[in-house]
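[1] My questions concern the predicted model and sequence given below.
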Amino acid sequence: KQEVTQIPAALSVPEGENLVLNCSFTDSAIYNLQWFRQDPGKGLTSLLLIQSSQREQTSGRLNASLDKSSGRSTLYIAASQPGDSATYLCAVNGWGTNAGKSTFGDGTTLTVKP
Amino acid sequence: GAGVSQSPRYKVAKRGQDVALRCDPISGHVSLFWYQQALGQGPEFLTYFQNEAQLDKSGLPSDRFFAERPEGSVSTLKIQRTQQEDSAVYLCASSAARTGVAYEQYFGPGTRLTVT
């Protein structure tokens, strides 16, 4: 059974700092990995999707990497801003009959202080 | 275009009542997913539809939970005889995925269910 772990559970940084959020998964047979942002009381907003054949994806100040063989992904946020404060979730998707089941971590809650 | 919408956004039910939660996916998306998110945790998979076919319902916690998507578009998650442990946010997501292939999922704002 796939398990996803995110470390740290919470992170507080001053504005302008670069930071890394970590996601690890136990079964490397994944189809893709998706990073989401969740604001309090809101749904999930997709940030980046990395296919299993890719090493990284970039969008603006965000860069996500994937090392499938070691079961790890990182989300790098450059020059953090108070508006980046949210919970960040990673989710992995399997193949075939598991393609519809996203397995999520419990998230990292980020606070960026002005 | 419009994103995934869910209604109601908030629902308070007395223990033992039945509730129905609605999801309107993005137009043209063939796959629809339901997740349950407890406070402080990540979403947990409940069930998955490809058009009107329910391909996986392994995450439904008990036979009190029932989901349907009769015309392959709007879906309803029904919970019978609600219990306090059913209190959570219920998230719906849709995707353009075809069978066996996982595509990017787009989530609705969720329905927060509180059972008193």
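    Now that the structure is in, tell me what you want to look at. Numbering: from 1, shown residues only, chains lettered A, B, ... in the order given.

[2] what's around residue 7, how many residues?
    As the question left the chain open, I've gone with chain A. As a burial measure, A:I7 scores 11 neighbours (other Cβ atoms under 10 Å in any protein chain shown). All C-beta spots, glycine's among them, are computed from the backbone N, C-alpha and C.

[3] actually it's chain B I care about, not the one you picked
    Other residues within reach of B:S7 by the criterion other Cβ under 10 Å amount to 14.

[4] For the nearest residue to it once chain neighbours are set aside, list each beta-bridge partner.
    Closest residue to B:S7 apart from its sequence neighbours, by Cβ to Cβ, 6 or more residues apart in numbering or on different chains: B:R22 at 4.9 Å. Beta bridges link B:R22 to B:S7, B:T76, judged by DSSP bridges.

[5] In this structure B:R22 contacts B:R69, no?
    No. When contacts are counted by Cβ atoms under 8 Å, B:R22 is not listed as touching B:R69 (10.9 Å).

[6] what do those two both touch?
    Residues touching both B:R22 and B:R69 (Cβ atoms under 8 Å, 6 or more residues apart in numbering or on different chains) are B:S75, B:T76.

[7] pLDDT weak spots in chain A?
    Regions of chain A meeting the criterion pLDDT under 70 cover residues A:96-100.

[8] For it, what lies in contact range of chain B?
    Taking Cβ under 8 Å from any Cβ of the partner chain as the criterion, the neighbours of chain B within chain A are A:4, A:31-32, A:34, A:36, A:41-46, A:49, A:89, A:91, A:93-97, A:99-107.

[9] Around B:A38, count how many other residues there are.
    B:A38 has 13 neighbours, counted by other Cβ under 10 Å.

[10] Setting aside sequence neighbours, what's the nearest residue to it?
    Counting by Cβ to Cβ, 6+ apart, the nearest residue to B:A38 once its immediate chain neighbours are dropped is B:A88, at 5.0 Å.

[11] which strand residues sit across from the one you found in the sheet?
    Using DSSP bridges, the bridge partners assigned to B:A88 are B:L113.

[12] any idea how far it is from B:G110?
    For B:A88, the distance to B:G110 under the criterion Cβ to Cβ, to the nearest Å works out to 9 Å.

[13] what is in contact with these two at once?
    Common neighbours of B:A88 and B:G110, using Cβ under 8 Å, 6+ apart, are B:Q37.

[14] Who has more neighbours out of the two?
    B:G110 (26 against 20).

[15] contacting residues for that one?
    A:K42, A:G43, B:Q6, B:R9, B:Q37, B:V89, B:Y90, B:L91, B:C92.

[16] Now the nearest residue to B:V4 once chain neighbours are set aside: phi and psi?
    In space, B:V4 comes closest to B:G108 once its chain neighbours are excluded; the distance is 3.7 Å by Cβ to Cβ, 6+ apart. Per-residue torsions, B:G108: phi -80, psi 180 (degrees, to the nearest 10).

[17] Contacts only, for B:G108.
    If you count contacts by Cβ under 8 Å, 6+ apart, then B:G108 has A:G43, B:G3, B:V4, B:S5, B:Q6, B:C23, B:D24, B:L91, B:C92, B:A93 around it.

[18] What are the boundaries of the strands in the chain?
    Looking at chain A here, since you left the chain open. Residue ranges of the strands in chain A, as given by DSSP state E, are A:4-7, A:10-14, A:19-25, A:32-38, A:44-51, A:56-59, A:62-67, A:72-77, A:86-93, A:102-104, A:108-113.

[19] oops, chain B please
    Listed in chain order (using DSSP E), the strands of chain B are B:5-7, B:10-13, B:19-24, B:31-37, B:44-50, B:53-56, B:65-68, B:75-79, B:88-95, B:106-107, B:111-115.
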